[in-house]
Structure formats: structure tokens, C-alpha cells
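> build me a model from this:
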Amino acid sequence: MFENTQKTEIANLGEFGLIDHLTKNIKLNLDTTIKGAGDDAAVLDFKDKKTLISTDLLLENIHFDLAFTPLKHLGYKAIQVNLSDIYAMNGMASHVTVSLGFSSKFPLEAIEELYAGMLLACDKYQIDLIGGDTTSSRQGLVISVTSIGYADESDIVYRNGAQEGDLICVSGDLGGAYVGLQLLEREKQVFLANPKIQPDLEGKDYIIERQLKPEARLDIVDLLKKMEIKPTSMIDISDGLASEVLHITKQSKKGCKLYEEKFPIDPQTVEMARDFGLDPTVCALNGGEDYELLFTIKQADYDRLKHDVDISVIGYITEENAGNYLITRSGNAHELKAQGWNAFKSTES
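Here you go, the predicted model:
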């Protein structure tokens, strides 16, 4: 479950001792942080900027499986998925708070490993971790992260700004995280059936990393600003492409056409999906956890980004009455349905 073989009971430290232990090595990087962890509240100063805030909750056996998720990777991912929400508003992420709930099965070294991943992500993206909370949990590991950022009011991009004729764009590639999850789940079942069999993950590094160690796309936000392109709407892809497109069209009161042949899907994703008997396009539409940015731009901005290999134009916005459709490679039109992640879907058979 964790790399360090030494085990120190957290009860020996107590809650405040644990917090002091975990936060003692935090370094503050930003002049917007007046006071970080260590008092009743953090103090931030964004001056004339608008403040952006987003919160995510991650639950063991719902959002992650510790059977194949290293704690350091989990900590890194917990921060990344929250930063992604700030970048999806065309803002700059700057601070996070982290709250943890865990049972007595987790020794101090396990929580240190989790925290190390979080601090690694914070350091990479120059984020200040400014506080949080810890508590005991009888339901497994609970992680709650709140991300804070800022933007000029004129730069903020909402989901409801798409206009008829706008081009629909996506960063990176799609479906890899879902296929990586299928691979990890398969190897877990093989191991449970016969612990002597080692996981067969050779040559699958890319899709495994897409699942276990996603990267929030700050680089795309920076790139669009350098190109002087302000998206008309934007969202991050956490629940699958279809679900996110429908969020934009619903809130913008528009329709859309997506073109299957334009979907960016990595060859390793295609190969692995077919090994599982899955359609790679369905994985892209409904898989989720890619944490790429989906955004719309005015047609006049197309020439500025058409040569960027990390941005794909996959369709366009239509009037609301035209509906939301996927145009397949064979030219058939299928109505888009949101079939991705549902946080409240029953797990009962």
C-alpha cells in the first residue's frame, strides 16, 4: 500500500502533532500568501483580482483503489484534479487546503507518502498549501482539497459563453485514463486470483500514467493567452467528453456537432481499448478522468492555433434546436448522451 516499511502509529502524535509534523516543511512561494498554515485561518491578498475557489472530495473505493494506486501518486493526483478546475476558468491557481480522514490502518509513514505527492504537485505548479484538517474515518481514506486561484474579471471564462458557429477544441488526447483504469483493474483481479502472478504492465506506461498521475493543463491556459485567444466557454474533462460538451451546450443554450474522425486518441489507447473489446471513441466520449481542457473559440481565432499539435478542433456549436450530435466516420449522426461518471450511481446489482 505504501513504500516505507516503517510503521509509526499516528495516535502517538495526536491530531495537532500530526498537522505540525506534516506542515513543518511547507515552503511558501507566493507574495499573495500573507499567512499560511499555523493559525485559525490563512490570509491571502489578490489585490484587484477576482478570486476563484473549487472543492473536490475523493473517497476510497469510490474514486480510487489503493490496491493499485500508490499513495504518493494519489496525493499528486488529488492536487492536480483541483487545479484543473481553476485552469478551466482561465484562471491561475495559487493555493490549496487539504483535509484528510483516515483509519488506524494508516501509519504515519503512509500519510507522509500521501502528503509528499501533494507537496510535489504544489512545488511543480508553484502552489502554496495553506492549511486544512485531519480526522479519523471509519469509511476508509477521505481526501478533500479546496483550490484557490485568481484572474482579472475580463479573463474569466464560464461554461455558458459558447455562440453559434464557435469551434469546439480539446487539448491533448482522450480516453487514455479510462483504458489505463481498465488495465489496472484487470491486473488486480489476476493478482487476487493468483498472487504469484506479477502484473503485466510492460509497455503500457502512458495509459497507466494518464490514470494515476494526470497533469492539469496550465500550459494550455498560458498558450491561449500568448496567442491572445480568449475562449468563449471552457470546462475540464473529468467525466468524459460527451458529458462536458453537454454541460457547455446546456448552459450556453446551444447545440453542437462533434466529428469522430477529429477525436485525438493516442495509439496506445486505441490498441488497449480494442484488446478489451472496447470502442476507442466510446472511451473518449464516456471514460473520464483525462483532465484535458475542452473549450470553444470564435472562428476568427482558428488561424492562430491551427498549427498547434496539442489542440484539436473536433466540432462546432450550432443553434439549440439543432440538438447535440456525433457524426461518425461513416457519416451517420448519433445523438450525444452523457454516459460518463455518475457520483451517485448505485453500486448494487
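> when you work out contacts or count neighbours from here on, use the C-alpha atoms and nothing else.
Noted.
> same question for stretch 250-262, mean pLDDT?
Across stretch 250-262, the average pLDDT comes to 98.
> got the buried residues for it?
250, 252-260 (16 or more other C-alpha atoms under 10 Å).
> same deal with stretch 129-149?
129-132, 134, 140-149.
> which member of those is positioned nearest A110?
The closest of the buried residues of stretch 129-149 to A110 turns out to be L141 (C-alpha to C-alpha; 11.1 Å).
> not counting sequence-adjacent ones, nearest residue to the closest one?
F102 (4.6 Å; C-alpha to C-alpha, 6 or more residues apart in numbering).
> I'd guessed that neighbour sits against D133; true?
No - contact criterion C-alpha atoms under 8 Å: F102 and D133 do not qualify, at 11.5 Å.
> which of the buried residues of stretch 129-149 sit farthest apart?
G140 and G149 (29.6 Å).
> now L294: which helix or strand?
strand 293-297 (DSSP states H and E).
> element containing the most centrally placed residue in the chain?
Central residue of the chain (C-alpha atoms, centre = their mean): V81, 3.3 Å from the mean position. Using DSSP H and E, V81 sits in helix 71-87.
> contact partners of that helix?
Contacts with helix 71-87, where a contact means C-alpha atoms under 8 Å, 6 or more residues apart in numbering, come from 1-2, 52-56, 58, 92-93, 96, 110, 113-122, 143, 145-149, 212-218, 221, 235-236, 291.
> filter those residues down to the ones in strands?
Mapping these onto strands (DSSP state E) picks out 52-56, 58, 92-93, 96, 143, 145-149, 235-236.
> what are the boundaries of the helices in the stretch 151-300 of the chain?
176-193, 205-212, 218-226, 241-252, 267-275, 280-286 (DSSP state H, counting those that start in this stretch).
> quick revisit: and which of the buried residues of stretch 250-262 is nearest to R159?
So of the buried residues of stretch 250-262, ranked by how close each gets to R159 (C-alpha to C-alpha), first place is S252, at 6.9 Å.
> helix, strand or coil for V98?
Here V98 takes the strand state, with states given by DSSP: H, G, I helix; E, B strand; the rest coil.
> just to revisit the earlier point, which one of the helices of the stretch 151-300 of the chain lies closest to R304?
Nearest of these (C-alpha to C-alpha): helix 218-226, 9.3 Å.
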